[in-house]
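> With the sequence up front, the predicted model follows.
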Amino acid sequence: MERIKTKEEIERKKKRNQWIVGLILTLILVLSTAGFALFRGNNQTNRRVEYNGLKFTLVNGLWAAEINGKIFYFQNLPQEVANVSVSGFYDLQTYSGKPLYFVNNNPASGEVLNNLGSYILRYQDACIAGLNCSGDLPVKTCKDNLIIFVTSDSETKVWKNENCVYISGNFIKGVDAWLYKMLGVS
């Protein structure tokens, strides 16, 4: 049988329990804040990289850099695509205010559009003259601004023929290398 407790004993026990719970919550708050500060501080040093005077910051998994007053986003840093061969002359004005066409559209097209979308008139999938294409795609030539993803070559490289840009191998790395060259980063 449990002994009958006085009001004072009940109040004392209640206050002690509240004090213990408060202490535990305060400890959790202090430790979680300290952990967050330490974790965030370590990450922060790894999230900024400088290359040729440009500062790259990791934002939501993409490297952001301000180039000529505009923010551009890349999946790879310039040094990660330095070994990608990019031949030809590329200029942002070539695409400004004009449609851009993709042959063999893939996720790397999104990388192009993230960066050039505000410059181009519109984009569309297309078929290059001389290829057998399925669907109802417009047939374009290298007189138009075409980006052609070459699926038959495993070497990552970028080359140009008139207004056709050919990208092979790892398309994302190829697109980043091409964008860096066009923007004068590398």
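Nice, thanks for sending it over.
> Could you list the low-pLDDT ranges of this structure?
Low-confidence segments of the chain, defined by pLDDT under 70, span residues 39-46.
> ok, longest helix in it?
Of all the segments of type helix in the chain, defined by DSSP state H, the longest one is helix 7-46.
> buried sites along the next helix or strand after it?
Counting by DSSP states H and E, the next helix or strand C-terminal to helix 7-46 is strand 48-51. For strand 48-51, the neighbour count (16 or more other CB atoms under 10 Å) marks Tyr51 as buried. No exception for glycine: its C-beta is placed from N, CA and C like everyone else's.
> Give the pairing partners of strand 48-51; include direction for each.
Neighbouring strands of strand 48-51 in its sheet, by DSSP bridges, are strand 54-59 (antiparallel).
> Can you give me the buried ones in the helix or strand following the strand it pairs with?
If you walk from strand 54-59 toward the C-terminus, the next helix or strand you reach (DSSP H and E) is strand 62-67. For strand 62-67, burial by neighbour count (16+ other CB under 10 Å) applies to 63, 65.
> and strand 62-67, what does it pack onto?
With contacts defined as 3 or more CB pairs under 8 Å, 6 or more residues apart in numbering; DSSP states H and E, the packing partners of strand 62-67 are strand 54-59, strand 70-74.
> Only C-alpha atoms, please: export stretch 166-173 in PDB.
Taking Å, rounded to 0.1, in the frame of the first residue of the first chain, the C-alpha atoms of stretch 166-173 are listed here in PDB:
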ATOM      1  CA  TYR A 166      28.400  18.400 -81.100                       C
ATOM      2  CA  ILE A 167      28.700  17.000 -77.500                       C
ATOM      3  CA  SER A 168      29.800  13.400 -76.900                       C
ATOM      4  CA  GLY A 169      30.600  11.100 -74.000                       C
ATOM      5  CA  ASN A 170      29.600  12.500 -70.600                       C
ATOM      6  CA  PHE A 171      27.000  15.000 -71.700                       C
ATOM      7  CA  ILE A 172      26.800  17.000 -68.500                       C
ATOM      8  CA  LYS A 173      30.600  17.400 -68.300                       C
END
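> How about residues contacting that stretch?
75-76, 80-81, 84, 106-108, 111, 147-160, 174-175, 178 (CB atoms under 8 Å, 6 or more residues apart in numbering).
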